[in-house]
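S.K.: Attaching a predicted model along with its sequence, questions to come.
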2 protein chains.
Amino acid sequence: MTPLSPTDQLFLWLEKRQQPMHVGGLQLFSFPENAPDDYVARLAEQLRQQHQVTAPFNRRLSYRLGQPVWVEDDQLDLEHHFRFEALPTPGRIRELLSFVSAEHSHLMDRERPMWEVHLIEGLKDRQFALYTKVHHSLIDGVSAMRLATRMLSENPHETGMPPIWDMTPRARSGGDDGSLSLWRSVAHLLGSSGKQLGTIPTVAKELLKTINQARKDPAYHSIFHAPRSVLNQKITGSRRFAAQSYCLKRIKAVCEAYGTTVNDVVTAMCASALRTYLMNQDALPAKPLIAFVPVSLRRDDSSEGNQVGVILANLHTDENNAGQRLMKIHQSMEEAKDRYRNMSSEEIVNYTALTLAPAAFHLLTGMAPNWQTFNVVISNVPGPSEPRYWNGARLEGMYPVSIAMDRLALNMTLTSYNGQVEFGLIGCRRTLPSMQRMLDHLEEGLAELETAASL
Amino acid sequence: MTPLSPTDQLFLWLEKRQQPMHVGGLQLFSFPENAPDDYVARLAEQLRQQHQVTAPFNRRLSYRLGQPVWVEDDQLDLEHHFRFEALPTPGRIRELLSFVSAEHSHLMDRERPMWEVHLIEGLKDRQFALYTKVHHSLIDGVSAMRLATRMLSENPHETGMPPIWDMTPRARSGGDDGSLSLWRSVAHLLGSSGKQLGTIPTVAKELLKTINQARKDPAYHSIFHAPRSVLNQKITGSRRFAAQSYCLKRIKAVCEAYGTTVNDVVTAMCASALRTYLMNQDALPAKPLIAFVPVSLRRDDSSEGNQVGVILANLHTDENNAGQRLMKIHQSMEEAKDRYRNMSSEEIVNYTALTLAPAAFHLLTGMAPNWQTFNVVISNVPGPSEPRYWNGARLEGMYPVSIAMDRLALNMTLTSYNGQVEFGLIGCRRTLPSMQRMLDHLEEGLAELETAASL
C-alpha cells in the first residue's frame, strides 16, 4: 500500500469524462525477416502467456480513510490489459491513426491497474504496431517512453525480450523531464511535496494567491501575455491523433544554414503549421502565439535527477517570412535560456511552477481564464538514435500520444529516432476540425525554410 | 430544442464511469452470394457517404437554464459515429464477443449525438457484423432493436437500403415494452411525468417514501424477498459480453412435453445457467433467486401503446430437479399473470414502478440495499421469425447488448429470429469472472430438460 504523491492526485482530480489523463505511445514495427504471415497472431499468443506483471503495472487505485493509495491487484486479468486487435482494410497509416484516435478517447477502468497494451495487426507491407496507454498517475509520459525503449534491443537477433508490463521502471526521481511532469513543480509550489494535498478548493486558493502575487511582480510580468485563440477553448471527449516522421538530416541542414539548434527548427515547424492551420480557419490571432516548451537544464550529465525548466517560446506567428520567423524564435529561445543561466535551482522551480499555475488554476476550477500564459504545449522527448528491435522486429517509428486539456486543446509532442523526428499531435476533434492537416503544414514549414535558405 | 423527458434524465443521472447507460445490438451477417472478397470494405465506403442523419440521431445534449435539452448537432461528424473496424485473427465469434465487450465498456461522448455504428470485418467464413450502440436517453433498447430490424428486408434482392441513422423511428409511445423503459413507470410513480424531475435527492426522497409505504402494505409484501447474492454487488467499468443462438424447435419440443410456454422454458434455462454458474463458485444462495421479467400485457393487438408489466419470477434455483424447476417456474409465472388480470391499468403501472423503485433508490443514492427485490434482469424482446437481409446480406443472428448496473451485475436479454432464440448476456467482468461459461450452462439447462422429458 503506497499513498499517491500530490502530483499523481492532481492527475486524478483533473480527469473528467471529456478530459482523460492518460498518456500513450505508438510504435510501428516491420516483421522480422522470414517471419510467417501469421507472425502477429503468434506474437499475441506468446504475449497472452506473459502473466508476470511487475510494479507499477500491478497497482490499482484504492482509498484508505478517504485518501488515494496504490494497492496490488490480486485479481489481475491480463485479457483486460493486453489486447490483440486489427485494422480494417486497406490497413494504411490512416487507419492506424484512426484506431489510436478512438482508443485514446476512452477513459481507463479505475478499478484495475491503469494500463493497456494494444497489439495491432492488419497493417500493409508486413508491418504491425503497438499502442501503449498508461494513466499519468501511474507513470509519467517520459518514463513510459523510456520503458518502451528499454523493452527494445540494438541487436536484431535478440529474442525472449519481455513486454513492458514485465519490466521494472527505473526509480522515478531520475526520470522526470517531460512536459506534464511539470505538474510536480506545481505541487512543490504549494509547499506540500510528499504530503496529501487536501482538496481542490484549497489547492485552487493557494494557486490563485501565488498567481496574484506574481502578476504584481515585474519579474514575472512577461508570462501573462499570450493571446486568446481557438486552441484555448473547452474541449470535448473525442480525440484526433496525427503522427508523422520527418527527416532529421533535412532539419539539420536547415539548422546549419541558419545557425540555430534542432529544437529551434522543430519549434519553427510547429509555429508554421499552427499559423497555416489557423489562417485557413481565419482564426490566427494578431498577437503571436506562445508555446509552453519544457527544456532540460542539465548542465552536467553525471548529475542525479534532471533540472527541468520551461520556456514560454514566442512562436512569432505574426511574422510572414519563414526565415525571419525562425531567427526570431531562435532569439527568444536563447534569451529564455540565458535567463535560466542566471537563476538558482529554487528560482527555476518557482518560475516553471508559476508558468503552469494559471493553467492549473483554470483546469481545477473550470473557470474561464483571466490570464492566458500560453496557447499550446510543444514537448520534445529524446529517443534512441540507432535502430532498435523487439524480438527481431525492427522499430520503424515511435510517436508520443499525449494529453489534450480544457483550454489547451492541442499538444504537440515529438521525439527522435534513427535519423527521424517523430511528431505525435493529439487534439480535441471538435475544437480543432481536420487537425491532421497540420502534418502537411509541418512539412510545408520545413520546405519553406529549405527554400528560403536555397537548400 | 426539446426538453428531455424525466425518464431520459434518469438515464443521464444514473450514468457514471463504471456504469455506462447505453444499449446495443450485435447483428451477424453473411456475405451476399457472389460478393467480392473486399465486400465489407466497399460497404464501409458506401456508408461513409450516407451523410443524411435523421432524428433522433442528429440530436446532441445541451443545457438551457440548467435543464437538459436535445438540440440539433450542426457540426455532425459522421466519422465519429460510423466506424469501420476489424477483428484480429482467427476472426472467430470469440474475437467478435471480445470486441463488443471492450466497446460496450466505453462511455459515449456527451458533446455529440450519442450513437455509434461499428461495421466489423475480419470474421471467418465470409461473415461480417454490425454493432450498434445508442445511449438509453436517446432511444430505448426495444426501439433501437426495432429500428435495426426495420432496416432489414425480407427480400434478398432488395438494395439501396439506408443505414439506421437515416431511418425515422416510429413514435416512441408505441414502442415501449423493454425492461429498461420501465424506468418510465418510476418517473410516473413520482407524479412528474412530462415535467422536469428536479434533483437526485428529491427523487430519492420521494422513492423512499413510496417504498416505505409499500413495505407496510401486505399487497406488496412479496416484492421484498430476494436473497443477497454475488450478482448484487457494486460493479466496475469493464464488461463481458457473451452471446449465442439456441434452436427454437428444441425449446418448443420441451414446451410441449411439459405444457409450458416458450418464455417459461427460456426462463428455466436462465435459472439453470445461473444455478450452475453460482454453484461452481460456491455462491448459490440457499433461498431461490428472483428475476425481474418484463412482460407484455397487451390483450388486444389493435390497441395503441403497450401495457408493460413486471413479473418477479421465482427462479427456484434451490430446486435440484430440472423438470420440477421448470414446472415451479411455470406455476409462479402463471400466478403472476393471473394477478395482473385482476389489476386495473393504474394498479399495473403502480405495481411495476414499485418493483423497480428500490433498485432505483439504491442506484441513485449509491447506498447498499436494505431490500433486495430481485437479483437479475431477464428480458425477452420479440424479433422477426423469417429470414431478413440487408442489401442482400443475410442476417444470421442478432443479439441484444443491454446494461449492467450497480447491484445488478448481470443482464440476460434474449430475442427470437428465424427459428433461433438469441441470448445476449452483459455483465461486469470483475464481479462475474468467466461469465461466458453461462452460454454452456444455458445449453446444459436445455439438454437437461430434454433428457428429463426423454426427448
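M.R.: In hand now; what should we look at?
S.K.: got the end-to-end distance for stretch A:255-271?
M.R.: Stretch A:255-271 has an end-to-end distance of 16 Å (CA to CA, to the nearest Å).
S.K.: From the rest of the structure, what touches that stretch?
M.R.: Contact partners of stretch A:255-271, identified using CB atoms under 8 Å, 6 or more residues apart in numbering or on different chains, comprise A:246, A:248, A:251-252, A:254, A:289, A:291, A:293, A:295, A:313, A:315-317, A:322-323, A:325-327, A:329-330, A:333, A:376, A:378, A:380, A:412, A:414, A:421, A:442, A:445-446, A:449, A:453, A:455. No exception for glycine: its C-beta is placed from N, CA and C like everyone else's.
S.K.: Narrow the residues you listed to those in strands?
M.R.: Among these, DSSP state E puts A:246, A:291, A:293, A:295, A:313, A:376, A:378, A:380, A:412, A:414, A:421 in strands.
S.K.: Of those, which is the nearest to residue B:401?
M.R.: residue A:412 (37.9 Å; CB to CB).
S.K.: partner residues bridging the closest one?
M.R.: Beta-bridge partners for residue A:412, by DSSP bridges, are residue A:378, residue A:425.
S.K.: And it, how far from residue A:118?
M.R.: 23 Å (CB to CB, to the nearest Å).
S.K.: Quick one: neighbours of residue A:224, just the number.
M.R.: Neighbours of residue A:224 under the rule other CB atoms under 10 Å in any protein chain shown: 15.
S.K.: Identify the residues contacting it.
M.R.: A:215, A:358, A:371-373.
S.K.: State the number of residues packed around residue A:321.
M.R.: Residue A:321: 12 neighbours (other CB under 10 Å).
S.K.: Not counting its neighbours along the chain, what's nearest it?
M.R.: Distances taken as CB to CB, 6 or more residues apart in numbering or on different chains put residue A:452 closest to residue A:321, at 7.6 Å, once the chain neighbours are dropped.
S.K.: same check, this time on residue A:44
M.R.: Closest to residue A:44 by CB to CB, 6+ apart is residue A:84, at 3.9 Å.
S.K.: can I assume that neighbour sits in a strand?
M.R.: Yes. Counting by DSSP: H, G, I helix; E, B strand; the rest coil, residue A:84 is part of a strand.
S.K.: Highest neighbour count among the contacts of residue A:224?
M.R.: With neighbours defined as other CB under 10 Å, the most crowded of the contacts of residue A:224 is residue A:358; it has 25 neighbours.
S.K.: Check that one and give its pLDDT.
M.R.: In this model, residue A:358 is scored at 86, pLDDT.
S.K.: For it, which three-state class applies?
M.R.: Residue A:358 is classified as helix under three-state DSSP.
S.K.: Tell me how far it lies from residue A:8.
M.R.: 22 Å.
S.K.: can you check residue A:316 too?
M.R.: For residue A:316 relative to residue A:8 (CB to CB), the value is 36 Å.
S.K.: And for residue A:208?
M.R.: Distance from residue A:208 to residue A:8, by CB to CB: 23 Å.
S.K.: Looking at residue A:412 and residue A:118, which one has more neighbours?
M.R.: A direct count of neighbours by other CB under 10 Å for residue A:412 and residue A:118 places residue A:412 higher, at 27 against 20.
S.K.: The more buried one is in contact with residue A:380, isn't it?
M.R.: No. Applying CB atoms under 8 Å, one finds residue A:412 not in contact with residue A:380, separated by 9.3 Å.
S.K.: Need the residues touching each of those two.
M.R.: With the criterion set as CB under 8 Å, 6+ apart, the contacts of residue A:412 and residue A:380 do not overlap.
S.K.: what ranges do the strands span in the stretch 1-150 of chain A?
M.R.: A:2-3, A:22-30, A:59-64, A:67-72, A:82-86, A:115-123, A:127-135 (DSSP state E, counting those that start in this stretch).
S.K.: Rebuild those as a markdown table, extending it with distance to residue B:203.
M.R.: Output for the strands of the stretch 1-150 of chain A, formatted as a markdown table (distance: least, CB to CB, whole Å):
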| stretch | distance to residue B:203 |
| --- | --- |
| strand A:2-3 | 37 |
| strand A:22-30 | 34 |
| strand A:59-64 | 27 |
| strand A:67-72 | 30 |
| strand A:82-86 | 39 |
| strand A:115-123 | 36 |
| strand A:127-135 | 33 |
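S.K.: could those strands be laid out in a markdown table, adding mean pLDDT and distance to residue A:351?
M.R.: Listed next are the strands of the stretch 1-150 of chain A as a markdown table, based on pLDDT from 0 to 100; distance: least, CB to CB, whole Å:
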| stretch | mean pLDDT | distance to residue A:351 |
| --- | --- | --- |
| strand A:2-3 | 89 | 29 |
| strand A:22-30 | 96 | 25 |
| strand A:59-64 | 94 | 32 |
| strand A:67-72 | 93 | 29 |
| strand A:82-86 | 98 | 42 |
| strand A:115-123 | 97 | 33 |
| strand A:127-135 | 96 | 28 |
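S.K.: Quick one: classify residue A:220 as helix, strand or coil.
M.R.: helix.
S.K.: Leaving out sequence neighbours, find the closest residue to it.
M.R.: Here the residue nearest residue A:220, using CB to CB, 6+ apart, is residue A:214, at 4.2 Å.
S.K.: Helix or strand: which one has the one you found?
M.R.: Using DSSP states H and E, residue A:214 maps to helix A:200-216.
S.K.: Distance from the chain centre to the strand or helix carrying residue A:350, please.
M.R.: In this assignment (DSSP H and E), residue A:350 forms part of helix A:345-365. Here the centre of helix A:345-365 is set off from its chain's centre by 18 Å, with CA atoms, centre = their mean, to the nearest Å.
S.K.: now for that helix, which elements pack on it?
M.R.: helix A:6-14, helix A:183-189, helix A:200-216, strand A:308-314 (3 or more CB pairs under 8 Å, 6 or more residues apart in numbering or on different chains; DSSP states H and E).
S.K.: Next, format these as JSON lines and append mean pLDDT and distance to residue A:337.
M.R.: Listed next are those as JSON lines, based on pLDDT from 0 to 100; distance: least, CB to CB, whole Å:
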{"stretch": "helix A:6-14", "mean pLDDT": "85", "distance to residue A:337": "25"}
{"stretch": "helix A:183-189", "mean pLDDT": "69", "distance to residue A:337": "18"}
{"stretch": "helix A:200-216", "mean pLDDT": "81", "distance to residue A:337": "21"}
{"stretch": "strand A:308-314", "mean pLDDT": "85", "distance to residue A:337": "7"}
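S.K.: What residues does the residue nearest to residue A:44 make contact with?
M.R.: By CB under 8 Å, 6+ apart, the contact list for residue A:84 reads A:40-41, A:44, A:47-48, A:119, A:121, B:88.
S.K.: give me the beta-bridge partners of it?
M.R.: Going by DSSP bridges, residue A:84 forms beta bridges with residue A:119.
S.K.: where are the low-confidence patches of the stretch 101-250 of chain A?
M.R.: Residues of the stretch 101-250 of chain A meeting the criterion pLDDT under 70: A:141, A:168-182, A:184-185, A:188-198.
S.K.: what sits against the residue nearest to residue A:321?
M.R.: A:321-323 are the contacts of residue A:452 under CB under 8 Å, 6+ apart.
S.K.: ditto for residue A:325
M.R.: A:268, A:271-272, A:316-317, A:319.
S.K.: same check, this time on residue A:157
M.R.: Going by CB under 8 Å, 6+ apart, residue A:157 touches residue A:392.
S.K.: where does it fall, helix, sheet strand or coil?
M.R.: With three-state DSSP as the basis, residue A:157 sits in coil.
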